[in-house]
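In: Fold the following for me, if possible:
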Amino acid sequence: MAGFSVSRYTPERSYWDRLTARDSVVRRLDWPLLGSAITLSFIGSLLVWSATRGRDSLTHGDPYYFLFRHVLNTGIGLALMIGTVWLGHRTLRGAVPVLYGISVLLVLAVLTPLGATVNGAHAWIIVGGGFSLQPSEFTKITIILGMAMLLAARVDAGDQLHPDHRTVAKSLGVAIIPMAVVMLMPDLGSVMVMAVIVLGVLLASGASNRWVFGLLGAGTTGAIAVWQLGLLDEYQIARFAAFANPALDPAGVGYNTNQARIAIGSGGLTGTGLFNGSQTTGQFVPEQQTDFVFTVAGEELGFLGAGLILLLLGVVLWRACRIARETTELYGTVVAAGIIAWFAFQSFENIGMTLGIMPVAGLPLPFVSYGGSSMFAVWVAIGLLQSIKVQRPITA
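Out: Got it, this is the predicted structure:
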């Protein structure tokens with residue numbers, strides 16, 4: 001025992017006190033992750049501005065309307081990230097049941113008269129003052145936290161090496177309830193993201209592969225059943241039909257995808273220049289500030305600008321993977337893995353639908369697309385990743 005000192009680890013000192021005494025929280029942040037996310041939001045501000053500044057029907061005559069709101073949403077998102085890091089993912093672990101309950105109540109509220117329909121999806125709550133809330137965005141976070149809390153509880157306590165079947169079943173129940181409600185809206189895109197999150201969480205938790213293969217089989221069977229029973233809305237069926245056959249109705253259901261591909265293809269290597277895209281200024285691509293924002297990058301910034309967005313998204317995923325790998329607690333690993341699955345699939349789906357290699361699903365591009373709820377949610381996720389890195393155990 002010679003040379004061993006417990007003075008630094010006295011019970012009276014909190015973990016946060018020990019952390020700040022040993023090292024600066026600012027220095028422990030993952031700066032490549034933070035810098036990439038901020039740069040994506042900055043690029044998104046320019047693209048949103050370019051896509052909306054000439055659309056008087058949307059901006060009410062104010063060309064800076066969407067630019068101001070996008071910057072404001074980013075600022076609020078950064079504040080939420082800072083608050084998440086300050087609270088810490090471990091503190092939030094104790095509040096997961098409350099947060100989960102609130103998120104379920106919010107998605108249920110969408111099915112009441114409080115809900116509003118936007119672009120065919122009854123997935124919004126009008127808050128007032130021109131602001132709206134999409135609860136399914138926050139449900140992605142609570143599904144990750146809820147499943148991680150259950151799957152990691154006994155493993156982090158040292159009682160198990162891997163989650164048992166009963167624990168896995170309970171964690172799936174946490175995901176199924178909000179997914180079923182979101183499916184009723186219907187918001188098929190969000191359900192797809194949540195399903196990928198569930199698979200990512202299970203794979204990272206060390207659960208038996210039988211659960212993963214079973215869920216894949218059940219998902220395939222369920223998708224076939226939903227299609228055969230006619231549970232999808234007409235606009236959703238039309239989107240899948242247009243994906244399968246782009247020439248089916250180029251002036252109707254296939255219009256968005258066709259115009260998106262024209263816009264991206266016209267950009268060439270270096271693009272036409274910001275604010276100079278003919279497809280963008282001509283307003284040929286619908287929802288260009290939200291779901292189809294990548295088309296602005298492809299046309300006006302070209303292959304190099306669009307490639308930069310892909311590179312920055314890749315850095316975000318790379319740093320998240322590194323955080324997941326280096327943490328010593330299963331809870332942190334599972335939370336990070338859920339965020340990785342979320343960001344990776346949603347980015348692939350959003351960009352893929354503009355290129356015609358994925359069906360149109362109405363999903364925003366993380367950090368880039370205009371939208372308050374989606375921006376707040378992804379920055380809370382960045383806060384969780386930063387907290388996992390900052391609060392790694394300190395060695396003497």
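In: Give the buried residues for stretch 77-92.
Out: Within stretch 77-92, the residues that qualify as buried are 77-78, 80-81, 84-85, 88-89, 92, counting by 16 or more other Cβ atoms under 10 Å. The way it works is simple: take the backbone N, C-alpha and C, and place the C-beta from them, glycine included.
In: Quick one: mark the members of those that sit in helices.
Out: 77-78, 80-81, 84-85, 89, 92 (DSSP state H).
In: which among those residues gets closest to residue 207?
Out: Relative to residue 207, the closest of these is residue 89; by Cβ to Cβ it sits at 20.5 Å.
In: quick one: that closest one and residue 387 touch, right?
Out: Yes: contact criterion Cβ atoms under 8 Å: residue 89 and residue 387 qualify, at 4.3 Å.
In: could the ones in helices among the buried residues of stretch 77-92 go into JSON lines alongside pLDDT and distance to residue 209?
Out: Shown next, in JSON lines, are these (pLDDT from 0 to 100; distance: Cβ to Cβ, whole Å):
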{"residue": "77", "pLDDT": "96", "distance to residue 209": "36"}
{"residue": "78", "pLDDT": "96", "distance to residue 209": "39"}
{"residue": "80", "pLDDT": "96", "distance to residue 209": "36"}
{"residue": "81", "pLDDT": "96", "distance to residue 209": "34"}
{"residue": "84", "pLDDT": "94", "distance to residue 209": "32"}
{"residue": "85", "pLDDT": "92", "distance to residue 209": "34"}
{"residue": "89", "pLDDT": "87", "distance to residue 209": "27"}
{"residue": "92", "pLDDT": "88", "distance to residue 209": "29"}
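In: Could you dump these into TSV with distance to residue 148 added?
Out: Below are those laid out as TSV (distance: Cβ to Cβ, whole Å):
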residue	distance to residue 148
77	22
78	24
80	19
81	19
84	15
85	17
89	9
92	10
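In: wait, which of these is closest to residue 264?
Out: Closest to residue 264, out of all of these and judged by Cβ to Cβ, is residue 77, at 26.8 Å.
In: wait, what's in contact with that closest one?
Out: With contact taken as Cβ atoms under 8 Å, 6 or more residues apart in numbering, residue 77 is in contact with 41, 375-376, 378-380.
In: So which of these are in helices?
Out: Among the contacts of residue 77, the members falling in helices are 41, 375-376, 378-380 (criterion: DSSP H).
In: any residues touching stretch 326-339, and which ones?
Out: Under Cβ under 8 Å, 6+ apart, the answer for stretch 326-339 is 89-90, 93, 143-145, 147-149, 151-152, 155-156, 197, 200-201, 203-206, 320-321, 323-325, 381, 384-385, 388-389, 392-393.
In: Just the buried residues of these.
Out: 89, 93, 143-145, 147-149, 151-152, 155-156, 197, 200-201, 204-206, 320, 323-324, 381, 384-385, 388-389, 392.
In: Out of these, which sit inside helices?
Out: Residues of the buried ones among the contacts of stretch 326-339 located in helices (DSSP H): 89, 93, 143-145, 147-149, 151-152, 155-156, 197, 200-201, 204-205, 320, 323-324, 381, 384-385, 388-389.
In: Any stretches of the stretch 201-350 of the chain with poor pLDDT?
Out: Scanning the stretch 201-350 of the chain for pLDDT under 70 picks out 226-254.
In: So which of the ones in helices among the buried residues of stretch 77-92 is the closest to residue 370?
Out: Nearest member of these to residue 370, counting by Cβ to Cβ, is residue 77, at 12.4 Å.
In: what pLDDT, on average, does stretch 93-109 get?
Out: Per-residue pLDDT over stretch 93-109 has a mean of 92.
In: Give me the distance between that stretch and the centre of its chain.
Out: From the chain centre to the centre of stretch 93-109 is a distance of 18 Å (Cα atoms, centre = their mean, to the nearest Å).
In: How about residues contacting that stretch?
Out: 92, 115, 125, 133, 135-136, 138-139, 141-142, 145-146, 149, 174, 177-178, 181-182, 331.
In: Can you tell me which of those are classed as buried?
Out: Buried among the contacts of stretch 93-109 by 16+ other Cβ under 10 Å: 92, 115, 125, 133, 135-136, 138-139, 141-142, 145-146, 149, 174, 177-178, 181-182, 331.
In: And the strands in this structure?
Out: 115-118, 121-128, 131-133 (DSSP state E).
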